[in-house]
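In: Mind looking at a prediction? Sequence and model below.
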Amino acid sequence: MLQVGDTVPGFSLPNQDGTMISPADFKGKKIVIYFYPKDNTPGCTTEACGFRDVYDEILAKGAVVLGISKDSTASHTKFREKFELPFHLLSDVETTTIQAFGAWGEKKMCGKTYMGIIRSTFVVDENGVISHVFPKVNTKTHATEILAAL
């Protein structure tokens, strides 16, 4: 997993509308990049709505939010519209960016072991350097945690 002080990896992923988005698009701004397992699941919905509810405050601190999962752009469109999410949701079907950040790994649920997205968040400063890493996330309090970090 990337650490504080690492340079954000370059990537370009389609958002919910199919528009390619990369960190370079937000030069001079802080970027909150959060990785989540799946659209429309309870934990992921709680986390996304938390960011939605404080998004104006995040913008006021000179930051933007990018959510990344391996869901399709069509899934992201429905998720974003259903919960009125004001930020980009990026589709990384091949998990290339997810793996570059170290947000892909072994998980366990119901006694089964499988590979999947590790719910984690990275705050990138205006110079493209990671300033905060949240490797374990409480979906209910995460948005306010990020707000405090900004």
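Out: Perfect, thanks for sending it.
In: So which elements touch the lowest-mean-pLDDT helix or strand in the chain?
Out: Using mean pLDDT, DSSP states H and E, the weakest-scoring helix or strand in the chain turns out to be strand 104-109, at a mean of 88. Judged by 3 or more C-beta pairs under 8 Å, 6 or more residues apart in numbering; DSSP states H and E, strand 104-109 is in contact with strand 112-117. Using the backbone N, CA and C atoms, a C-beta is placed for each residue, glycine as well.
In: Against which helices or strands is the strand it packs on packed?
Out: In terms of contacts (3+ C-beta pairs under 8 Å, 6+ apart), strand 112-117 is packed against strand 104-109.
In: Could you spell out the sheet neighbours of the strand it packs on, each with its direction?
Out: Strand 104-109 sits in its sheet next to strand 112-117 (antiparallel), going by DSSP bridges.
In: one step back: could the C-alpha coordinates of the least confident helix or strand of the chain be exported in PDB?
Out: Extracted C-alpha coordinates of strand 104-109, given in PDB (Å, rounded to 0.1, in the frame of the first residue of the first chain):
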ATOM      1  CA  TRP A 104      -6.200  -4.800  -3.700                       C
ATOM      2  CA  GLY A 105      -5.600  -7.900  -1.500                       C
ATOM      3  CA  GLU A 106      -6.800 -10.900   0.300                       C
ATOM      4  CA  LYS A 107     -10.100 -10.600   2.100                       C
ATOM      5  CA  LYS A 108     -12.100 -13.000   4.200                       C
ATOM      6  CA  MET A 109     -15.900 -13.200   4.500                       C
END
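In: In the chain, which residue is most central in space?
Out: The centroid of the chain falls nearest to Tyr34 when counting by C-alpha atoms, centre = their mean (1.9 Å).
In: Any figure for the gap between the residue lying closest to that residue once chain neighbours are set aside and Ala74?
Out: Setting aside the residues directly before and after it, Tyr34 is nearest to Thr121 in space (C-beta to C-beta, 6 or more residues apart in numbering), at 4.2 Å. Per C-beta to C-beta, to the nearest Å, Thr121 is found 24 Å from Ala74.
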